[in-house]
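**Q** My questions concern the predicted model and sequence given below.
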Amino acid sequence: MKPEKRGISPGVWTALAIVVALGLWEWAAALGHVNEFFFSRPSLLWQEFLTMVSSGMLAKHLTVTCQEAGLGLFFGGVLGTLAGLGLGMSPRVSRALMPLMTGLNGLPKLALGPLFIIWFGLGLQSKVLISALMVFFVFAFNLYAGVRSVDQDLIGAVRLLGGSRGQIMGKVIWPACLPWLLASLRTGLGLALSGAIVGEYLGSTRGMGWLLSAAGDVFNAQRVLCCVLILVVIIVLLDGVIALLERRLLRWRPQGGR
């Protein structure tokens, strides 16, 4: 039996593509093909990053944004999960409330940010609420779809064997909804962070959103790009952690192509 050939992992290809893109960017800026005032260059962004780290600026503002996004993801995720499970297990209630949920989800949530600032002030509460609202509907709709996708024959069989409502939830519905929950978590990461940053844009004196706004006001494209790249790296790293958790928790699922 021939040993299975292993190609280059996707992570290596991703890293290679990033290195090539950064190299082309630096080369184009060095030759004058890219205006450094508007687009900067990787070497200058690295210097800006070191300056922000050494001055304590990055830690100060990033801590605030991560706290807001983390609390928003937690509260929005928990409430959305409970709403999705409740609607999925109550067909009559879902028929009455799902049109309302769909209508509310269609509202421009970011446009509601100024109202939250007016109602709850410029502090932590308004940013957490904006962030939570951004992720609530993702969890609610995904968990609702997860419950509705459960095989009803399987639920009926468990009932025939004497299974209680709690056992059906714990042994049948919840395991079936776990992939939907993890998918919601991966999507909600970026949305929670976006909600926190938008809230800081609208009214704040600290946080990455405020830092981006202040840098944009003085046309400091170098700091804006540096902050954007930092946020991208954070989201990618957190998504990798959740992907690893997903592989651990969902080992029972058959893997495609194997």
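**A** Perfect, I can see it now.

**Q** Where does pLDDT dip in this structure?
**A** Across the chain, residues meeting the criterion (pLDDT under 70) sit at 1-7, 9-11, 151, 153, 156, 158, 161-167, 170, 252-258.

**Q** ok, which stretches of it are helices?
**A** All helices of the chain, identified by DSSP state H, fall at 10-30, 36-39, 42-55, 57-89, 91-105, 113-120, 124-148, 152-160, 165-168, 174-202, 208-217, 221-249.

**Q** Pick the most buried one from these.
**A** Among the helices of the chain, helix 124-148 has the highest mean neighbour count (mean count of other Cβ atoms under 10 Å), at a mean of 23. (Each C-beta comes from the backbone N, C-alpha and C, glycine too.)

**Q** what's the angle from that helix to helix 174-202?
**A** 150 degrees (axes from the mean of the first three to the mean of the last three Cα atoms, to 10 degrees).

**Q** For helix 124-148, name the packing helices and strands.
**A** In terms of contacts (3 or more Cβ pairs under 8 Å, 6 or more residues apart in numbering; DSSP states H and E), helix 124-148 is packed against helix 57-89, helix 91-105, helix 113-120, helix 174-202.

**Q** Format the ones you listed as CSV; extra columns: distance to Val150.
**A** Listed next are the helices and strands packed on helix 124-148 as CSV, based on distance: least, Cβ to Cβ, whole Å:
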stretch, distance to Val150
helix 57-89, 8
helix 91-105, 13
helix 113-120, 36
helix 174-202, 5
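
**Q** Nearest to Phe136, out of those?
**A** Nearest to Phe136 among the helices and strands packed on helix 124-148 is helix 57-89 (4.3 Å), distances taken as Cβ to Cβ.

**Q** That closest one versus helix 174-202: what angle between them?
**A** Here the directions of helix 57-89 and helix 174-202 differ by 140 degrees (the same axes, to 10 degrees).

**Q** Distance of the nearest residue to Gly207 once chain neighbours are set aside relative to Ala176?
**A** Counting by Cβ to Cβ, 6 or more residues apart in numbering, Gly207 lies nearest to Glu200, which is 3.9 Å off, once chain neighbours are set aside. In this view, Glu200 and Ala176 are 38 Å apart by Cβ to Cβ, to the nearest Å.

**Q** Quick check: the spatially most central residue of the chain vs Ala29, distance?
**A** A centroid search over the chain (Cα atoms, centre = their mean) returns Leu189, at 1.6 Å, as the residue closest to the centre. Separation of Leu189 from Ala29 (Cβ to Cβ): 31 Å.

**Q** how about the nearest residue to Val64 once chain neighbours are set aside, what does it touch?
**A** What sits nearest to Val64 in space, not counting adjacent residues and going by Cβ to Cβ, 6+ apart, is Gly207, at 4.4 Å. By Cβ atoms under 8 Å, 6 or more residues apart in numbering, the contact list for Gly207 reads 61, 64-65, 68, 127, 196-197, 200.

**Q** how about a cut-off of 6 Å?
**A** The contact partners of Gly207, by Cβ atoms under 6 Å, 6 or more residues apart in numbering, come to 61, 64-65, 200.

**Q** Please apply the same query to Lys127.
**A** 68, 196, 199.

**Q** any idea how far Ile117 is from it?
**A** Distance, Lys127 to Ile117, by Cβ to Cβ: 9 Å.

**Q** try Ala83
**A** For Ala83, the distance to Ile117 - Cβ to Cβ - is 25 Å.

**Q** likewise Met57?
**A** Counting by Cβ to Cβ, the gap from Met57 to Ile117 is 24 Å.
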